[in-house]
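Asks: Requesting a structural model of the entry that follows:
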Amino acid sequence: MTAALFALALTLGLQAPADFSGQWVADPPAANAPGDMGSGWGSPLTITQDGKQLVVQPALFSRYDIQPAVKIVYSLDASESRNEIMTGHAPQVRASRARWDGATLQITTTYPAVDSQTGKSLSTDVVHRLTLESPGVLVIEAARAGALGGKPTSTRSVYRKQ
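Replies: Numbering: from 1, shown residues only. Reported below is the predicted structural model:
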């Protein structure tokens with residue numbers, strides 16, 4: 001019995017990580033319920049992945065917006081990734097770490113902010129958990145820490161591969 005458990009653990013340990021590459025559309029494609037931020041990445045969503053990095057390209061702006069397209073790159077070796085995102089009038093640098101939990105990729109990102117009441121810098125963490133339910137169904141769970149006295153929130157978004 002011990003040998004069978006060891007063989008099972010070895011097999012599970014050698015399992016290749018999931019590949020999230022593709023063009024994904026939220027299901028349902030309509031906007032989430034009011035107040036529900038969903039994954040925070042919107043829809044559609046393009047993901048490319050290789051052995052070293054995962055690249056998320058959300059369609060947050062239309063081609064008529066002045067904002068540049070968003071491209072977020074995450075290192076898959078658990079090292080820190082820093083992405084500069086244009087949020088309104090100024091860029092914002094977000095620090096992230098991605099790690100595998102079995103076939104699920106967990107990305108923890110620290111979002112910098114400023115308390116509008118005090119002017120003090122603060123930050124909040126968002127954890128995205130990406131899982132393939134099937135080759136054509138991506139589930140993104142997002143857990144947001146409470147900021148400025150707010151309550152923590154979590155959402156579950158389902159995407160279908162196009």
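Asks: Tell me where this protein has strands.
Replies: 22-27, 45-49, 53-58, 72-75, 80-87, 90-101, 104-114, 121-134, 137-144, 153-161 (DSSP state E).
Asks: so what's the residue nearest the centre of the chain closest to, chain neighbours aside?
Replies: When C-alpha atoms, centre = their mean is applied to the chain, the residue found nearest the centroid is residue 128 (4.2 Å). Leaving out its chain neighbours, the residue that sits closest to residue 128 by C-beta to C-beta, 6 or more residues apart in numbering is residue 107, at 4.5 Å. C-beta coordinates here come from the backbone N, C-alpha and C atoms, glycine included.
Asks: got it, and residue 41?
Replies: Residue 41 sits nearest to residue 58 (C-beta to C-beta, 6+ apart), 4.1 Å away.
Asks: and that neighbour, how many neighbours does it have?
Replies: Look at residue 58: counted by other C-beta atoms under 10 Å, it has 19 neighbours.
Asks: hey, C-alpha coordinates of stretch 122-137 in PDB?
Replies: Extracted as PDB, the C-alpha positions of stretch 122-137 are listed here (Å, rounded to 0.1, in the frame of the first residue of the first chain):
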ATOM      1  CA  LEU A 122      -1.400  52.100   1.500                       C
ATOM      2  CA  SER A 123      -1.700  48.900  -0.400                       C
ATOM      3  CA  THR A 124      -4.200  46.000  -0.700                       C
ATOM      4  CA  ASP A 125      -3.700  42.500  -2.000                       C
ATOM      5  CA  VAL A 126      -5.700  40.700  -4.600                       C
ATOM      6  CA  VAL A 127      -5.300  36.900  -5.100                       C
ATOM      7  CA  HIS A 128      -6.400  35.400  -8.400                       C
ATOM      8  CA  ARG A 129      -6.700  31.600  -8.600                       C
ATOM      9  CA  LEU A 130      -6.900  30.300 -12.200                       C
ATOM     10  CA  THR A 131      -8.100  26.800 -12.800                       C
ATOM     11  CA  LEU A 132      -9.200  24.900 -15.900                       C
ATOM     12  CA  GLU A 133     -12.500  23.000 -15.300                       C
ATOM     13  CA  SER A 134     -12.100  21.600 -18.700                       C
ATOM     14  CA  PRO A 135      -9.900  22.500 -21.800                       C
ATOM     15  CA  GLY A 136     -12.600  25.100 -22.700                       C
ATOM     16  CA  VAL A 137     -13.600  26.400 -19.300                       C
END
